[in-house]
Structures are given as C-alpha cells and as structure tokens.
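# Provided below for reference: sequence and predicted model.
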Amino acid sequence: MRKTLVVLAAATSLAAATVAVPGAAHAQRGFLPGLIGGLAAGAIIGGAIASSPPPGYYYGPPPAYYGPPPGCYWGRGEPVWDGYRWYRPRVQVCP
C-alpha cells in the first residue's frame, strides 16, 4: 500500500512536470510556485517513505522442552558428599 502511494506520487509529479511546460521564462512568476510545488512533493514523498515499517528481523524459534527419549527414566544416582551432607542426585537412565 505504501509503495503504491510512493509510485503514484512519483508518477503524478513526473506527469505534472511534462504537462506544465512554461511559455516564457519569467523569474517573478515562476520561482514561488516552483518552490511551493517542490516542497509539497517532497513532503508527500518523504512522509510516505518515513511512515514505512522498519525492516523485519528474525530471532529464531523460541526454546522448547523435549521430553526424554523413549525407554529412559529418572532414577537416583550414587551418593555424593557436597561438603555439608550426603545426597543422591536425580539422573536420567537410558538403557
């Protein structure tokens, strides 16, 4: 939609430039309309470009949990001393 607006504005300004051929060069009457027209065209085209969305970024898939492989189970490992007490950590056992 926005690209269409930019193309339409550019085509309109080119068409207006080719149709509006000046007769005689009068600096008193030609400067102000040209300045106003140029500022208006710049504002229209600049506004259409500025309102376009930023480029997209790809962050990758979110983290997911995948269960243990078939046939595996959680069990208790060998006793371990951690400096304060003995405990048996949970370990995954896959035959």
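Looks like it came in fine. Residues are numbered from 1 along each chain as shown.

# mind listing the strands for the chain?
For the chain, the strands defined by DSSP state E cover 73-76, 80-81, 86-87, 90-93.

# Mind checking the pLDDT average for the first one?
In this model, strand 73-76 carries a mean pLDDT of 90.

# mind listing what's buried in that strand?
Neighbour counts over strand 73-76 (16 or more other CB atoms under 10 Å) mark no residue as buried. All C-beta atoms are positioned from the backbone trio N, CA, C, and that covers glycine.

# neighbouring strands for that strand, and are they parallel or not?
Taking DSSP bridges as the criterion, strand 73-76 forms sheet pairs with strand 90-93 (antiparallel).

# biggest helix in the protein by residues?
Scanning the chain for the helix with the most residues, using DSSP state H, yields helix 27-50.

# circling back: how about the strands of the chain, which one is nearest Ser13?
Closest approach to Ser13 among those (CB to CB): strand 90-93, 68.8 Å.

# Would you mind pulling the contact partners of the closest one?
With CB atoms under 8 Å, 6 or more residues apart in numbering as the contact definition, strand 90-93 has outside contacts at Pro68, Cys72, Tyr73, Trp74, Gly75, Arg76, Gly77.

# between the strands of the chain, which gets nearest to Ala48?
Going by CB to CB, the one of the strands of the chain nearest Ala48 is strand 90-93, 58.0 Å.

# Nothing else from me, thank you.
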